[in-house]
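>>> Quick check, what structure comes out for this input:
(chains A and B)
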Amino acid sequence: QKEVEQNSGPLSVPEGAIASLNCTYSDRVSQSFFWYRQYSGKSPELIMSIYSNGDKEDGRFTAQLNKASQYVSLLIRDSQPSDSATYLCAVRPPRRSNSGYALNFGKGTSLLVTP
Amino acid sequence: KAGVTQTPRYLIKTRGQQVTLSCSPISGHRSVSWYQQTPGQGLQFLFEYFSETQRNKGNFPGRFSGRQFSNSRSEMNVSTLELGDSALYLCASSLGPGLASYNEQFFGPGTRLTVL
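Just a heads-up that it's a prediction; the model follows:
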């Protein structure tokens, strides 16, 4: 079982709609969760991090975490064509003795916002 | 504050050669992680350095190595290049363990390596 799973998409939403991106993870005791946005030909850009169950809002973005269901999602309100990109979910496994802070990434969901 | 810088941005090498990539983290960040990104495998963790010590290593062959200097700058080296090493190599910078509760990672622009 892959550690972090995302639907590859493409997810197509009309401009102004809410885009909902989902991610599941396998290690139940994972602690930290991140969403990155990656435009074609560019490097990933951190847009949200979440550590506690519930919702975290930042502008048009809301991250939702449900540790019991091992599920993290990203909502983008009032989607714009400039939001068209690949969204990567990253999970930090629990720290173990002398381990570091490596992130496990999903393969990303491609989002297309149509005018 | 300047972001993460990586050099060179593009490289073309032939099989059997070796390559060295460089990363300068955000000022004040002491941890550097390296990732390989390919269309088929996505982003895969290579290794992580903090205080000149490798703290974590991904599942890559020994041809992949790295190091970190006292100023937190890091280099990674790939020896005996193979066609499958063609990828985007990304460096991520973070404050480091014990310096931030959640240690967010910020990526540089990457080095695009093509092996012919």
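>>> Low-confidence stretches in chain B?
B:1, B:98-102 (pLDDT under 70).
>>> let's see 90
Confidence mapping of chain B against pLDDT under 90 gives the ranges B:1-2, B:40, B:55-56, B:95-103.
>>> could you pull out the helices for it?
For chain B, applying DSSP state H gives no helices.
>>> Run through the residues of it sitting next to chain A.
B:31, B:33, B:35, B:42-45, B:48, B:50, B:55-56, B:58, B:88, B:90, B:92, B:94, B:97, B:101-110 (C-beta under 8 Å from any C-beta of the partner chain). Where you see a C-beta, it was placed from the backbone N, CA and C, and this is true even at glycine.
>>> can we see that at 7 Å?
Chain B comes close to chain A at residues B:31, B:33, B:42-43, B:45, B:48, B:55-56, B:58, B:90, B:94, B:97, B:102-110, as judged by C-beta under 7 Å from any C-beta of the partner chain.
>>> Now list the buried members of those residues.
Neighbour counting with 16 or more other C-beta atoms under 10 Å in any protein chain shown marks B:31, B:33, B:42-43, B:45, B:48, B:55-56, B:90, B:94, B:97, B:102-110 as buried within those.
>>> and these, which of them are in strands?
Members of these lying in strands (criterion: DSSP state E): B:31, B:33, B:42-43, B:45, B:48, B:55-56, B:90, B:94, B:106-107.
>>> quick one, what contacts the closest residue to residue B:86 other than its chain neighbours?
Nearest residue to residue B:86, sequence neighbours excluded (C-beta to C-beta, 6 or more residues apart in numbering or on different chains): residue B:115, at 4.8 Å. Contact analysis of residue B:115 by C-beta atoms under 7 Å, 6 or more residues apart in numbering or on different chains lists B:13-15, B:81-83, B:85-86.
>>> Apply 10 Å and report the result again.
Counting by C-beta atoms under 10 Å, 6 or more residues apart in numbering or on different chains, residue B:115 touches B:11-17, B:19, B:78, B:81-87.
>>> go on, residue A:28?
The contact partners of residue A:28, by C-beta under 10 Å, 6+ apart, come to A:67-68, A:70, A:94.
>>> Could you dump those into JSON lines with pLDDT and secondary structure added?
JSON lines is the format used below for the contacts of residue A:28 (pLDDT from 0 to 100; DSSP: H, G, I helix; E, B strand; the rest coil):
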{"residue": "A:67", "pLDDT": "93", "secondary structure": "coil"}
{"residue": "A:68", "pLDDT": "93", "secondary structure": "coil"}
{"residue": "A:70", "pLDDT": "94", "secondary structure": "coil"}
{"residue": "A:94", "pLDDT": "72", "secondary structure": "coil"}
